[in-house]
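Peer 1: Here is a sequence together with a model predicted from it:
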Amino acid sequence: MLHDFSYAAPTAREELFSTLARHGKTAEVLSGGTDLLVNIRAGISTPLHVVDLKGVAELAELGFDATEGLSIGACVTVTRLLDDASVRKNYPLLIRAASELATHQLRNRATIVGNIVTASPCGDMSSPLLCYGADVEMASAAGTRRLPLQEFITGVKQTVIQPGEIVQRIIVPTTFCGGTGNYLKLKRIKGHDLGVVAVAMLRYGKKIRVAIGSAAPTPVLLPEFPSDATAETIKEAARAAISPIDDVRCTREYRSFMVEEFIDRLLKEVRA
Ligand SMILES: Cc1cc2nc3c(=O)[nH]c(=O)nc-3n(C[C@H](O)[C@H](O)[C@H](O)COP(=O)(O)OP(=O)(O)OC[C@H]3O[C@@H](n4cnc5c(N)ncnc54)[C@H](O)[C@@H]3O)c2cc1C
């Protein structure tokens, strides 16, 4: 049975932040609800107050600017990102990963920001965003702060976010626009499934950037490589950075094996 909670849907930022400040730790923010509502139903999450972000229009903004880069507002859904021409042109890795996230129905609700805040090691959007050097901008009644994504996620489903605070947007700089790459996700079935392990690789000029999901408590960004780095160099760095586990979906050994297999495949692709 569901426990009782209040529901608020503020339409202005001030109202949103004062509501969150008033409820503190007892409130949870609702965006697409594809994680939160599942967790409430399962009794994993028991907020006394649910505060919906979708009424605040500016949180739904998605825009690209040649100076700042891509700004993905808190309520931008995966489908909206997939449909955006500037994302398709400048950030192909985001498109690849977003197309791997769940199903059409889920993507119509699920947000990119919600995926990052959930901070699941198998979240599909973290690795490509790490490759692009994304920042996370948080806001509360006290003001705003900005952190690189790798500092925002601190552990399995853990982030630096504080009670009363939201992620208002993700900013993806233009530094690596025009780079080529791909996102490979191992699943147990051919259709939709959560990632067993995933690797994102981006080649930009003389640099290669690699990020790995589902192989450590947090998504892992490897140190940058020169574009002529050998596969063995990248695999060695990956071995040092990951700490895969055995679970119902896969063994530790198979996860490690597939990370290296994906590095081989991706390296061939970005050099073709
Ligand atoms: C059937 C199913 C299949 C799925 N498959 C995949 C998959 O293949 N790949 C994958 O990566 N994920 C998958 N997911 C997980 C989920 O869809 C994503 O994590 C989604 O992106 C979360 O976004 P949301 O807007 O629905 O978040 P919500 O459920 O609204 O929120 C999730 C959490 O983040 C918090 N939150 C949300 N937005 C903010 C914000 N702006 N500021 C602060 N806190 C916030 C909420 O309080 C809550 O704790 C699946 C989920 C389901 C139910």
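Peer 2: Okay, I see it.
Peer 1: ok, so what distance separates Asn182 from Lys268?
Peer 2: 10 Å (C-beta to C-beta, to the nearest Å). No exception for glycine: its C-beta is placed from N, CA and C like everyone else's.
Peer 1: Kindly report the same for Ser256.
Peer 2: Distance from Ser256 to Lys268, by C-beta to C-beta: 20 Å.
Peer 1: the more surrounded of those two?
Peer 2: Ser256 (18 against 10; other C-beta atoms under 10 Å).
Peer 1: SS state for the closest residue to that one other than its chain neighbours?
Peer 2: Leaving out its chain neighbours, the residue that sits closest to Ser256 by C-beta to C-beta, 6 or more residues apart in numbering is Pro244, at 5.6 Å. At Pro244, secondary structure determined by DSSP: H, G, I helix; E, B strand; the rest coil is coil.
Peer 1: Then Thr175?
Peer 2: coil.
Peer 1: quick one: pLDDT of the spatially closest residue to it that is not a sequence neighbour?
Peer 2: Of all residues not flanking Thr175 in the chain, Gly133 sits nearest, at 5.7 Å (C-beta to C-beta, 6+ apart). pLDDT recorded at Gly133 is 98.
Peer 1: Tell me how many other residues surround Gly133.
Peer 2: Neighbour count of Gly133, defined by other C-beta under 10 Å: 20.
Peer 1: show me the contacts for it.
Peer 2: Counting by C-beta atoms under 8 Å, 6 or more residues apart in numbering, Gly133 makes contact with Pro148, Val172, Pro173, Thr175, Phe176.
Peer 1: Phi, psi for it please.
Peer 2: phi 70, psi 40 (degrees, to the nearest 10).
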